[in-house]
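> For reference, the sequence and a predicted model appear below.
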Amino acid sequence: MNEPLEAKSAEEHDELREGQTARPVGAPGTPGHELFTATPVERWKQVAENIARFVCLLATLALIVPMAAILTYLLVQAWPALSFSFLVENPHDYMTTGGIWAPLVGTFWLVWISLLIAAPVGVLAGVYLNEYARDNWFTRIINLAVVNLAGVPSIIHALFGVGAFVMFAGMGRSLLAASCTLAVMTLPVIITSTREALAAVPIAFREACWNLGASRWQTIRTIVLPNSISGILTGVILQVSRAAGETAPILFTGAVFFSTLPEHGAGAFFPYGLGDRCMALSMHLFTLSTQVRGVTPALQYGTAVVLIGLVLAVNSLSIGLRIYLRSRKKW
Amino acid sequence: MGCAIQFDDVSVHYGAKTALRHVTLAVPPRQIFGIIGPANSGKTTLLKCINRTLDFTPSARMSGKVVVAGRDVAAACRSAKDWRNVYELRRRVGMVFPLPVGLPLSVYENVAYAPRRAGIHDRGELDALVEQCLRAAMLWDEVRDRLDLLGTRLSGGQQQRLTLARALSHRPEILCLDEFSIAIDPVTTMKIEDVLLELKEQITIVLVTNLVQQARRLADRTAFLIAGGLIEEGETEQIFSRPANRLTERYVNGEFG
């Protein structure tokens, strides 16, 4: 009965309810009046709404301000050292001068190899857990293990890496052992994010396919994976930045204080065998800050800026990829 | 061939809840078999027994025997005569459920999905099949110019007809329709009903419907379920004009339900 609000329908309204005066509904004194006045409950609702929005905004600002401050401070401090030659030169004179070429290449290969191990294993495990596994005690224990593994401190992963890869598997302290340790560290998060991405695909799509006689794998390949790939890739790429930034897991398993690399030619890009030790950015930063005397602060800050820049670049790549893939999302 | 589908003392439980109790039914081939009954009477569960999609509900337990085309459905792996390959079984049974699900693929690929999975890759053959199925579902005229459109972008009623086209795409021997007309306008519904009457020359159709008159118009035989139990089954004419059971009479006359 919203119609009588208009003046022309007031007469019809009268016909419907006898004995009522022909004043517009909602005017003070008419029966509908109280409907249009804010009650105390509604006024409180407004206040609570404003408080909630303000508190959330405050939390967001509290997040952004330190972030911006750190970045600015780092950039200002590192400015004298930053140049192209800083990136492509090896450290010289007991690391007190020169650039960061060797640790940059080392980090690159550490991350790539750990990703080559962790991504396929993690994604396939996530697919199994979300698409095939039945809900029984065994699955529940695996889930619990994955969640707990994600919370294990990286130094514990480092010790596990020493025991499992360096000593038991006989890899020695090497690029391979360090990559394996990083892979184990990133695996649980990759599994979890894969599962979440898969679970976001509506179950109705799967049932529609099964009803058509498609097998589980056909359904996964044709419907589930194409529609969850953006979430899966985001999870994987975010782990790249984590692997690049960690020091502890590589400290005992394959990183080395100092080793020079050729600065020119193909040897500069493929300097390491899987059994070699390598330098890494995070490790290099730790060394410069605590182990070496006479390093100019700009060199330390420069290393930190490159490391953070690397992480930010990878993260923006992941965001861009996600936007691109989401624009192709089909429902 | 005696009957297309045979239910033999079938009971289904979801956990502690009973969805079907001791249903024994025979669905004759190349007819439309109507199933009517109020909400929660086990109509959909009955359909899910036919192509074993009941397996997807972890809590569901089935007892009794369902025989499709002379082969036992539930005992899939016990003997050579049973349905060893559940995918083959599902390909030979077309299913349309009341909530339309357009797969996140183009309209064309939605209909071509099942044939592709069954190994048909020849473009000409697929084109013909897609057109034939979309025509049967009364959707062809609306989508003929935009077969590349995402199936999920169609309207609700169009998606439901897309689901129907998809169910026909693997050339099933049995077509199960669960409330297929729920989102479709009356005129199109009538056209599809005519198609169903043509289709029954070749395939068996099981029609679950809340529209009692739809069952009366289409079905050769009709079964009436309440709370998982089969109340009455017989020639549609007899169910509607001379029901043996008092409950059936009251239901078909719209007195309860």
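That came through fine. Numbers count the residues shown, from 1 in each chain, chains lettered A, B, ... in the order given.
> Please report the distance of the closest residue to chain A within the stretch 51-200 of chain B from A:I203.
Closest approach between the stretch 51-200 of chain B and chain A, counting by C-beta to the nearest C-beta: B:P104, at 3.0 Å. Using the backbone N, CA and C atoms, a C-beta is placed for each residue, glycine as well. Distance from B:P104 to A:I203, counting by C-beta to C-beta, to the nearest Å: 13 Å.
> ditto for B:A165
22 Å.
> Tell me which of the two has more neighbours.
B:A165 (26 against 9; other C-beta atoms under 10 Å in any protein chain shown).
> how would you label the residue sitting nearest the centre point of chain B: helix, strand or coil?
When C-alpha atoms, centre = their mean is applied to chain B, the residue found nearest the centroid is B:C176 (1.2 Å). In three-state terms, and counting by DSSP: H, G, I helix; E, B strand; the rest coil, B:C176 is strand.
> pretty sure it contacts B:M95?
Yes: using C-beta atoms under 8 Å as the test, B:C176 is close enough to B:M95 to be in contact (5.1 Å).
> Show me whatever sits in contact with both of these two.
Both B:C176 and B:M95 are contacted by B:L47, B:N51, under the criterion C-beta atoms under 8 Å, 6 or more residues apart in numbering or on different chains.
> how many other residues sit next to the residue lying closest to A:A204 once chain neighbours are set aside?
Setting aside the residues directly before and after it, A:A204 is nearest to B:V101 in space (C-beta to C-beta, 6 or more residues apart in numbering or on different chains), at 4.7 Å. Other residues near B:V101 come to 23 when the count uses other C-beta under 10 Å.
> List the residues that contact B:V101.
A:A204, A:F205, A:E207, A:A208, B:Q159, B:T163.
> how about the residues of chain A near chain B?
A:134-135, A:204-205, A:207-215, A:218, A:222-223, A:226-227, A:329-331 (C-beta under 8 Å from any C-beta of the partner chain).
> List buried residues within those residues.
When the residues of chain A next to chain B are checked for burial by 16 or more other C-beta atoms under 10 Å in any protein chain shown, the buried set is A:205, A:207-214, A:218, A:222-223, A:226-227, A:330.
> from these, which is closest to A:I156?
A:N227 (36.1 Å; C-beta to C-beta).
> got the phi/psi numbers for the closest one?
According to degrees, to the nearest 10, the main-chain angles of A:N227 amount to phi -100, psi 0.
> Over to the one 10 residues further on?
The main-chain torsion angles of A:I237 are listed as degrees, to the nearest 10 and equal phi -70, psi -40.
> for the one 10 residues further on, same thing?
Note on A:T247: its backbone torsions stand at phi -100, psi -50 [degrees, to the nearest 10].
> need the residues of chain B near chain A, please.
With C-beta under 8 Å from any C-beta as the criterion, chain B comes near chain A at residues B:51, B:53, B:56, B:58, B:87-91, B:95, B:97, B:99, B:101-105, B:113-114, B:117-118, B:150, B:152, B:163, B:166-167, B:169-170.
> Just the ones of the residues you listed in helices?
Among those, DSSP state H puts B:Y87, B:E88, B:L89, B:R90, B:R91, B:Y113, B:A114, B:R117, B:T163, B:R166, B:A167, B:S169 in helices.
> buried residues in the helix or strand harbouring B:Q238?
Assessed by DSSP states H and E, B:Q238 sits inside helix B:236-241. The neighbour-count check on helix B:236-241 (16+ other C-beta under 10 Å) flags B:T236, B:I239, B:F240 as buried.
> And stretch B:140-154, by the same measure?
Those would be B:W140, B:E142, B:V143, B:L147, B:L150, B:G151, B:T152, B:L154, for stretch B:140-154 by 16+ other C-beta under 10 Å.
> I figured the third one hits B:S155, correct?
Spelled out, it's B:V143. No: judged on C-beta under 8 Å, B:V143 makes no contact with B:S155 at a distance of 11.0 Å.
> and A:T222, what is it in contact with?
Contacts for A:T222 (C-beta under 8 Å, 6+ apart) come out as A:C209, A:A214, B:L105, B:Y113, B:R117.
> which among the residues you listed gets closest to A:V311?
B:L105 (37.0 Å).
> Not counting its neighbours along the chain, what's nearest the closest one?
Distance criterion C-beta to C-beta, 6+ apart; nearest residue to B:L105, sequence neighbours excluded, is B:G151 at 6.0 Å.
> how much space between the one you found and B:E131?
Separation of B:G151 from B:E131 (C-beta to C-beta) stands at 16 Å.
> And A:T97, by the same measure?
Distance from A:T97 to B:E131, by C-beta to C-beta: 74 Å.
> re earlier: is it possible to get a markdown table of the buried residues of helix B:236-241 that adds pLDDT?
A markdown table is the format used below for those (pLDDT from 0 to 100):
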| residue | pLDDT |
| --- | --- |
| B:T236 | 91 |
| B:I239 | 89 |
| B:F240 | 89 |
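> ok, so of those, who is nearest chain A?
Set against chain A, the nearest of the buried residues of helix B:236-241 by C-beta to the nearest C-beta is B:T236 (27.0 Å).
> Could you pull up the residues touching that closest one?
B:G34, B:A215, B:R216, B:A219, B:D220, B:R221, B:T222.
> Which helix or which strand is home to residue 48?
Unless you meant another one, I'm taking chain A. helix A:40-78.
> right idea, wrong chain: chain B
In this assignment (DSSP H and E), B:K48 forms part of helix B:43-50.
> ok now the host helix or strand of A:V105, how far from the chain's centre?
Using DSSP H and E, A:V105 falls within helix A:101-127. Distance of helix A:101-127 from the chain centroid (C-alpha atoms, centre = their mean, to the nearest Å) equals 15 Å.
> and the gap between the residue nearest to A:A204 and A:P202?
Distance of B:V101 to A:P202, given as C-beta to C-beta: 8 Å.
> do the same with A:G275
A:G275 is 48 Å from A:P202, by C-beta to C-beta.
> Endpoint to endpoint, stretch A:165-176 covers what distance?
End-to-end distance for stretch A:165-176, by C-alpha to C-alpha, to the nearest Å: 9 Å.
> Give the buried residues for it.
So for stretch A:165-176, counting by 16+ other C-beta under 10 Å, buried means A:F165, A:V166, A:M171, A:R173, A:S174, A:L175, A:L176.
> Now the first one. Its backbone dihedrals?
The one in question is A:F165. phi -90, psi -50.
> Check the gap between it and A:I113 for me.
Using C-beta to C-beta, which is the criterion applied here, A:F165 is 12 Å from A:I113.
> overlap in contacts of the two?
Common neighbours of A:F165 and A:I113 (C-beta under 8 Å, 6+ apart) are A:L176.
> and B:T45, what does it touch?
Contacts for B:T45 (C-beta under 8 Å, 6+ apart) come out as B:V12, B:A19, B:L20, B:L54, B:G228.
> The last one: how many residues sit nearby?
The one in question is B:G228. Using other C-beta under 10 Å, B:G228 is surrounded by 22 other residues.
> any chance you could map the strands in the chain?
I'll assume chain A. Here chain A has its strands, by DSSP state E, at A:91-92, A:97-98.
> let's do chain B instead
Under DSSP E, chain B gives strands at B:5-14, B:17-27, B:32-36, B:60-68, B:71-72, B:93-96, B:174-178, B:204-208, B:221-226, B:229-235.
> These: which one's closest to A:A248?
Per C-beta to C-beta, nearest to A:A248 of the strands of chain B: strand B:60-68, 49.1 Å.
> Who are the packing partners of that closest one?
With contacts defined as 3 or more C-beta pairs under 8 Å, 6 or more residues apart in numbering or on different chains; DSSP states H and E, strand B:60-68 has these neighbours: strand B:5-14, strand B:17-27, helix B:43-50.
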